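Chemist: 3D, please:
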Amino acid sequence: MTDSTPRSTLAAAPRITRADGKPIRAVVVDDEESLTDLLSMALRYEGWDVRHASDGQHALSTVREFRPDVIVLDIMLPDIDGLTVLSRLRADGIETPILFLTAKDSVDDRVAGLTVGGDDYVTKPFSLEEVVARLRGLIRRSALAISTPGDSRLQVGDLVLDEDSYEVHRGGVLIELTATEFELLRFLMRNPRRVLSKAQILDRVWSYDFGGRSSVVEIYISYLRKKVDSLGAPMIHTVRGFGYVLKPAP
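Modeler: Numbers count the residues shown, from 1 in each chain. All right, here's what the predicted structure looks like:
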């Protein structure tokens, strides 16, 4: 089960909404009814519109119909597991940020969840405050949060990122990125030619130390390379023993 968290703690941070002012949409998927009710209550207190599902098939139909902005997904479900649910959603072109929720705590499980397209991972038991904070982080990294006015374009060489439209182009070619991939690339582009350590990337992109596991950074760097470096000369470089650096192609 989860640790209980006072309402005053959950409400301490300012509320966030979609860019159009409408409530954030969330789907919570878990076969433990008491846990689902507790999470749903906490998210509704945030002002979000929440639906829930108790198995994988119901989760698929709910997400396809409701089109949420964020999903809390348990890996162990009574019919099909959460990894399969996520794989099917991604195959449908649904790139909604996913927070995995599971009792498993091995490195292999974490890497498996992220490899199939998950964005974050929480192990049971957990606190409501932690789950809400991480979901808020996923929302802010997605295209849903209200953007800050000012110059929205970042450019390094022929790579252009627009923070308002959440579009990325290289050489005029549109690159489709997930919310976490976008935030990682934005961090790299805000620090061109600067070597960033895995610890710095974990702290900035995931806003916490991912259990001390640098493998999550390696996984997402490889994702970006496949999408960005496939369109020209490599821009994302490994500095062995230090970290990663993005610089214009020669």
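Chemist: tell me which helix or strand of the chain sits lowest on mean pLDDT?
Modeler: Every helix and strand in the chain was compared by mean pLDDT, DSSP states H and E; the lowest is helix 7-10, with a mean of 38.
Chemist: show the subsequent helix or strand relative to that one.
Modeler: For helix 7-10, the succeeding helix or strand toward the C-terminus, using DSSP states H and E, is strand 25-29.
Chemist: packing partners for that following strand?
Modeler: Based on contacts counted as 3 or more CB pairs under 8 Å, 6 or more residues apart in numbering; DSSP states H and E, the elements that strand 25-29 packs against are helix 33-45, strand 49-53, helix 56-66, strand 70-74. Yep, even glycine has a C-beta here, placed from its N, CA and C like the rest.
Chemist: format these as JSON lines; extra columns: distance to Leu224 and mean neighbour count.
Modeler: Supplementary listing: these in JSON lines, determined by distance: least, CB to CB, whole Å; neighbours: other CB atoms under 10 Å:
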{"stretch": "helix 33-45", "distance to Leu224": "30", "mean neighbour count": "17"}
{"stretch": "strand 49-53", "distance to Leu224": "31", "mean neighbour count": "20"}
{"stretch": "helix 56-66", "distance to Leu224": "26", "mean neighbour count": "17"}
{"stretch": "strand 70-74", "distance to Leu224": "22", "mean neighbour count": "27"}
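Chemist: mean pLDDT lowest where, among these?
Modeler: In terms of mean pLDDT, the lowest-scoring of those is helix 33-45 (a mean of 88).
Chemist: angle of it against strand 25-29?
Modeler: 170 degrees (axes from the mean of the first three to the mean of the last three CA atoms, to 10 degrees).
Chemist: can you redo the helices and strands packed on strand 25-29 as JSON lines with distance to Gln155?
Modeler: As requested, those are arranged in JSON lines below (distance: least, CB to CB, whole Å):
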{"stretch": "helix 33-45", "distance to Gln155": "37"}
{"stretch": "strand 49-53", "distance to Gln155": "37"}
{"stretch": "helix 56-66", "distance to Gln155": "35"}
{"stretch": "strand 70-74", "distance to Gln155": "29"}
